[in-house]
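Chemist: kindly return the folded structure for what I paste below:
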Amino acid sequence: MNLKNIDLGKIATFKLLVKEASFSKASKESGISYSSLAHDMATLEKGLEVTLFHRTKRKFIPTKEGLELLKIFEENDNFLILTHKS
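Modeler: Next up is the predicted model:
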């Protein structure tokens with residue numbers, strides 16, 4: 001998992017998607033279109049070289065790697081912001 005050059009906006013989107021467990025709910029909550037959210041997550045997954053969610057028609061569940069990443073982001077919010085500004 002490559003954590004360099006992560007867009008902080010995509011981290012916020014990722015955290016919201018985990019919380020809402022739905023692109024539709026996250027879209028309503030954030031005011032960001034469904035397609036933009038999906039594109040942001042695809043971009044984040046590609047950049048990190050990891051799959052963050054198991055997706056089916058009815059389920060949207062973070063993968064083991066997604067949960068690990070969420071833990072890293074939640075425990076290190078201030079560190080990530082400072083690192084990103086450097």
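Chemist: spatially nearest residue to the spatially most central residue of the chain (excluding sequence neighbours)?
Modeler: Residue closest to the mean C-alpha point of the chain, counted by Cα atoms, centre = their mean, is Phe14 at 2.0 Å. Distance criterion Cβ to Cβ, 6 or more residues apart in numbering; nearest residue to Phe14, sequence neighbours excluded, is Leu44 at 6.1 Å. Quick note: C-beta positions are derived from backbone N, CA and C, even for glycine.
Chemist: is it correct that the one you found is in contact with Thr51?
Modeler: No: Leu44 is not in contact with Thr51 according to Cβ atoms under 8 Å; the separation is 10.6 Å.
Chemist: tell me where the longest helix sits in the chain.
Modeler: helix 34-48 (DSSP state H).
Chemist: list the buried ones in that helix?
Modeler: Of the residues in helix 34-48, those with enough neighbours to count as buried (16 or more other Cβ atoms under 10 Å) are 37, 40-41, 44-45, 47-48.
Chemist: the very next helix or strand once past it: which residues count as buried?
Modeler: Downstream of helix 34-48, the next assigned helix or strand under DSSP states H and E is strand 53-55. Buried residues in strand 53-55, counting neighbours by 16+ other Cβ under 10 Å, are found at Phe53.
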